[in-house]
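**Student:** Predicted model, plus sequence, below.
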Amino acid sequence: MSDIPKNLKYTSSHEWAMQSNSTEIIIGVTDHAQELLGDIVFIELPEVGRILKKGQEFGVIESVKAASDLYAPISGEVLAVNESLSSKPELVNQSAYQDGWMLKIKPSNLSELSELLDAQTYHDNVEAAVKE
Amino acid sequence: MLKKTPLYESHKALGAKMVPFAGWEMPLQYTSIVDEHVKVRQSAGIFDVSHMRAVDVEGTNATAFLRILLANDIIKLTKDGMALYSCMLNEQGYILDDLIAYRISENSYRIVINAATTDKDLDWMHTQAIAYEVRINPRYDLAMIAIQGPQAIEKLSAVLSPDIFSKITKLNYFSAYSDENFFIARTGYTGESGVELLLANEQAAAFWQQLIEHGFYPIGLGARDTLRLEAGLNLYGQDMDETVTPLTSNLAWTVDLKDSNRLFIGRSALLRQKEAGLTQKLVGVLLKEKGVLRPHMHVYADKDAKQQIGVLTSGSFSPTLSKGIGFAQLESWDMPYCWIEIRGKCLEAQIVKLPFVKAGKANIDL
């Protein structure tokens, strides 16, 4: 079973969000997502300064097998983008929650965080899907 | 109901992710596609290819039959053990399958055909063989393992008997050695040195285990695809099918028209196509920017997608080049570049001469 840290929030499209302080949320994709995708070879991320809306597509993650859209878990302004992923997209496979982080966002509406899934719910969803 | 090869349990024991392929349950990957790909380019990997089928063709008319059945000329196999790569065509010149044909002896041949086309090919061969009185014997009793990589031959010295190993090292490319236990050919689908080996189903699992214990890495279908793509090798059902001839599929070199008395099936259709002028071709494409290419992507003459010139038949990511690569079927296009539509945007690609990778290194100017 993939790693699902308890202190993070999740979306049903396999993104995670972590509040590092009141003006910054860090975003990435889950360990389960990287397992499903296989070798990640290319990630398309937005530019710093871009304004995202919750649920909006903000990029693409491509593996040898498939391409998957990335969806913003919350609304806000992109403060930083993990530049390492340009030359080392495999960091997402190796370390989905640490070195594989994708965006830092300044949230425009912190209450959106409570709308995300907690670790247990995400875990249950994944288990149910795996059984299908 | 998916079929299982004799190595199915071996794959499960190694933790392979299994997927359906051409009606068989096959290993997609054991560790990761890129990891396995690199192991074949740098070391030695083994592939279970038992889903493919060896078909023995025997009889006093075997040569005459195959000279009609195949677009390449089997008469070129002047010695036992020699092999050639050929397409099998229908009367319209369209490709039914691609295959390798080995000469076992003067009136005995072994043809290795694809998994997805096995039933179709056998029906066709039986129908065409009626006038020739040959025996067509599909070898469901044989398993097949491909052993590929720069260290493949060297590592086999620890697995094969000294006598057999010595014979293998003396084999020419596209030649085979055969005894009562093994059929070993210097062929492959990766662009690397190595062999493809046939053995009895009952011996397969033990032999596979021996290979694993002697440092060969297990390689799945995922890496098999990225390897063959880098090597510029077609995949039947994707790069060609019953709607195209060898002349427009980068396979003109496999058609032998030298003997005008050899009226092989599809010959007259090919000649007509040549006379009318060939405007379609299958080419290699290399994406200039970062990205991954995939089958069915549209190809354009211009950045604004106004004039479509073709479509990708195959596409993926080349671990050796760290770039997207693919094959494109293009109509009336001679420029060295093209534009490929990826998620609504056109990205520039270079049209390159295949293969993309030779002897483990880039064969093109990046």
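**Tutor:** Looks like it arrived, so ask away. Numbering: from 1, shown residues only, chains lettered A, B, ... in the order given.
**Student:** give me the element the residue in chain B sticking out farthest from the centre is part of.
**Tutor:** Distance from the C-alpha centroid of chain B peaks at B:D304, with 35.5 Å (Cα atoms, centre = their mean). Counting by DSSP states H and E, no helix or strand carries B:D304.
**Student:** do you know how far it is from B:M297?
**Tutor:** Distance of B:D304 to B:M297, computed by Cβ to Cβ, to the nearest Å: 16 Å. Where C-beta positions appear, they are placed from N, C-alpha and C, glycine not excepted.
**Student:** again with B:V352
**Tutor:** Computed as Cβ to Cβ, the B:V352 to B:M297 distance reads 17 Å.
**Student:** Which one's more surrounded, the two?
**Tutor:** A count of neighbours by other Cβ atoms under 10 Å in any protein chain shown puts B:M297 above the other of B:V352 and B:M297, at 23 against 18.
**Student:** ranges for the helices of chain A?
**Tutor:** A:31-37, A:84-87, A:91-94, A:119-131 (DSSP state H).
**Student:** what's the closest of the ones you listed to B:M52?
**Tutor:** Of all the helices of chain A, helix A:31-37 sits nearest to B:M52, with 28.6 Å by Cβ to Cβ.
**Student:** contacting residues around that closest one?
**Tutor:** Helix A:31-37 has contacts (Cβ atoms under 8 Å, 6 or more residues apart in numbering or on different chains) with A:2-4, A:14-15, A:40, A:61, A:63, A:65-66, A:68, A:92-93, A:96-97, A:100, A:126.
**Student:** go on, stretch B:295-302?
**Tutor:** The set of residues external to stretch B:295-302 that reach it, using Cβ under 8 Å, 6+ apart, is B:238, B:285, B:305-315, B:326, B:328, B:330, B:333, B:335, B:338-342, B:346, B:349.
**Student:** Report how far apart the opening and closing residues of that stretch are.
**Tutor:** 20 Å (Cα to Cα, to the nearest Å).
**Student:** go on, stretch B:104-114?
**Tutor:** Taking Cα to Cα, the first and last residues of stretch B:104-114 lie 20 Å apart.
**Student:** How about the residues of chain A by chain B?
**Tutor:** Taking Cβ under 8 Å from any Cβ of the partner chain as the contact definition, chain A meets chain B at A:38-39, A:41-42, A:60, A:62, A:64-65, A:67, A:86, A:90, A:93.
**Student:** repeat that with 10 Å
**Tutor:** Within reach of chain B by Cβ under 10 Å from any Cβ of the partner chain, chain A has these residues: A:35, A:38-44, A:60, A:62-67, A:69, A:86-87, A:89-90, A:93.
**Student:** For burial, what's the neighbour tally of residue 21?
**Tutor:** Chain wasn't specified; assuming chain A. 6.
**Student:** looking at chain B here, not the other one
**Tutor:** Neighbours of B:F21 using other Cβ under 10 Å come to 16.
**Student:** Quick check: closest non-adjacent residue to it.
**Tutor:** Spatial nearest neighbour of B:F21, chain neighbours left out: B:L221 (6.0 Å); criterion: Cβ to Cβ, 6 or more residues apart in numbering or on different chains.
**Student:** Secondary structure element holding the nearest residue in space to B:A269 that is not next to it in sequence?
**Tutor:** Excluding its sequence neighbours, the residue lying closest to B:A269 (Cβ to Cβ, 6+ apart) is B:G93, at 3.2 Å. According to DSSP H and E, B:G93 maps onto no helix or strand at all.
**Student:** Give me the pLDDT value at B:G93.
**Tutor:** Per-residue pLDDT puts B:G93 at 98.
**Student:** That one touches B:A252, doesn't it?
**Tutor:** No. Taking Cβ atoms under 10 Å as the definition, B:G93 is not a contact partner of B:A252, at 11.8 Å.
**Student:** quick one, which of these two is more surrounded?
**Tutor:** A side-by-side neighbour count of B:G93 and B:A252, using other Cβ under 10 Å, places B:G93 first with 23 against 16.
**Student:** who's in contact with the residue lying closest to the residue farthest from the centre of chain B once chain neighbours are set aside?
**Tutor:** Spatial nearest neighbour of B:D304, chain neighbours left out: B:C346 (7.1 Å); criterion: Cβ to Cβ, 6+ apart. Applying Cβ atoms under 10 Å, 6 or more residues apart in numbering or on different chains to B:C346 gives the contacts B:298-300, B:302-306, B:338-340.
**Student:** How about A:S75?
**Tutor:** Applying Cβ under 10 Å, 6+ apart to A:S75 gives the contacts A:51-56, A:105-109, A:112.
**Student:** B:Y85 contacts B:L251, correct?
**Tutor:** Yes. Between B:Y85 and B:L251 there is a contact under Cβ under 10 Å: 8.8 Å.
**Student:** The two - which one has more neighbours?
**Tutor:** Using other Cβ under 10 Å as the criterion, B:Y85 and B:L251 rank with B:L251 on top: 22 against 15.
**Student:** shared neighbours, B:Y85 and B:L251?
**Tutor:** Residues touching both B:Y85 and B:L251 by Cβ under 10 Å, 6+ apart: B:72, B:98.
**Student:** Give me the subset of the residues of chain A next to chain B that lies in strands.
**Tutor:** With DSSP state E as the criterion, strands contain A:40-44, A:60, A:62-63, A:67, A:69 from among the residues of chain A next to chain B.
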